[in-house]
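Undergrad: Sequence and predicted structure, then a few things I'm wondering about:
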Amino acid sequence: MNFIYKTFFIVAVMFSSNASAQNLNQQQEQELEKVEQLLRENPQLISNIHQGLHRFLEQQGQQKNAFANNKEWLYESAVNPVIGDIDAPHKIIVFTDYNCPYCKRLEPGLHKLIEEYPSIQVVNIFVPLRQQQVDGLKTNSALYALNLWRNDSNTFFETHNLMMKKSGMHTAKSLQSVAQVTGTEAFLSPSSESEAIIRKNMSAFRDLGFRGTPTIIIGQQVTPGYIPYDKLEAIATKQFELD
């Protein structure tokens with residue numbers, strides 16, 4: 001089974017890179033020769049790998065269309081909160097959740113990145129996968145944050161940082177405590193506008209075929225899950241061609 005996966009992914013990566021027979025580089029030529037040899041030695045696998053490759057390419061095409069359909073919402077809409085300079089030319093899209101432990105681990109790295117590279121901004125796309133409503137309240141952490149961003153963006157940042165630092169799932173008590181500290185109790189009430197934003201975020205998340213948080217889009221690269229700062233920086237500097 002490991003052989004099947006290894007062979008499939010070598011072929012899939014080569015085809016997904018849009019390389020043709022005329023412009024394969026030396027490494028790709030060598031890999032292609034190895035794949036051909038492996039398949040000739042194991043012809044019983046050809047059919048499964050062929051079908052799997054077609055499914056992979058079909059999924060890639062569907063995701064490409066989904067990116068095109070959701071590009072304006074993710075990159076040009078002002079309704080989703082931004083960390084960093086709102087006019088920065090390079091945008092990192094992060095599908096995130098205040099109740100996700102890996103999102104909370106990622107957060108310091110995102111802040112460090114925009115401090116080191118002021119030309120980068122982080123757009124937070126809230127998808128409350130783990131908690132649609134807090135017991136004892138008619139809202140959740142994402143709706144609360146969106147209310148603040150829409151109505152009191154200055155207070156949003158303090159509130160956002162406090163909610164990201166809270167370990168574990170948010171409760172009515174934790175949200176009320178944050179609201180008291182920041183003087184934002186009024187924004188704990190649900191709003192139809194914020195609920196509509198969440199629905200659109202969830203629709204984009206599903207259309208793109210994402211499954212969990214955080215999911216990070218940096219340039220042309222999609223990275224699911226938590227990544228440490230050094231890897232985050234390496235991807236950003238490569239994708240955005242930063243010194």
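TA: Cool, the structure landed.

Undergrad: Could you report the distance from Leu146 to Gly109?
TA: Leu146 sits at a distance of 23 Å from Gly109 (criterion: CB to CB, to the nearest Å). Yep, even glycine has a C-beta here, placed from its N, CA and C like the rest.

Undergrad: Over to Ala196?
TA: Note on Ala196: its distance to Gly109, by CB to CB, is 30 Å.

Undergrad: Looking at those two, which one has more neighbours?
TA: Neighbour comparison, Ala196 and Gly109: the larger count goes to Gly109, with 16 against 12 (by other CB atoms under 10 Å).

Undergrad: hey, where'd the strands end up in the chain?
TA: Secondary structure of the chain (DSSP state E): strands at 82-83, 90-96, 120-126, 215-218, 221-224.

Undergrad: Please identify the pairing partners of the last one and their relative orientation?
TA: Strand 221-224 has its sheet partners listed here by DSSP bridges as strand 215-218 (antiparallel).

Undergrad: circling back: the strands of the chain into CSV, with extra columns for mean neighbour count?
TA: Rendered in CSV, the data for the strands of the chain read as follows (neighbours: other CB atoms under 10 Å):
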stretch, mean neighbour count
strand 82-83, 20
strand 90-96, 23
strand 120-126, 23
strand 215-218, 22
strand 221-224, 14
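
Undergrad: Of all the ones you listed, which one is nearest Leu45?
TA: Nearest of the strands of the chain to Leu45, taken as CB to CB: strand 221-224 at 27.4 Å.

Undergrad: pretty sure Val178 contacts His160?
TA: No. In this structure, Val178 is not within contact of His160 by CB atoms under 8 Å, at 9.6 Å.

Undergrad: of those two, who's got more company?
TA: More crowded of Val178 and His160, by other CB under 10 Å: Val178, with 24 against 21.
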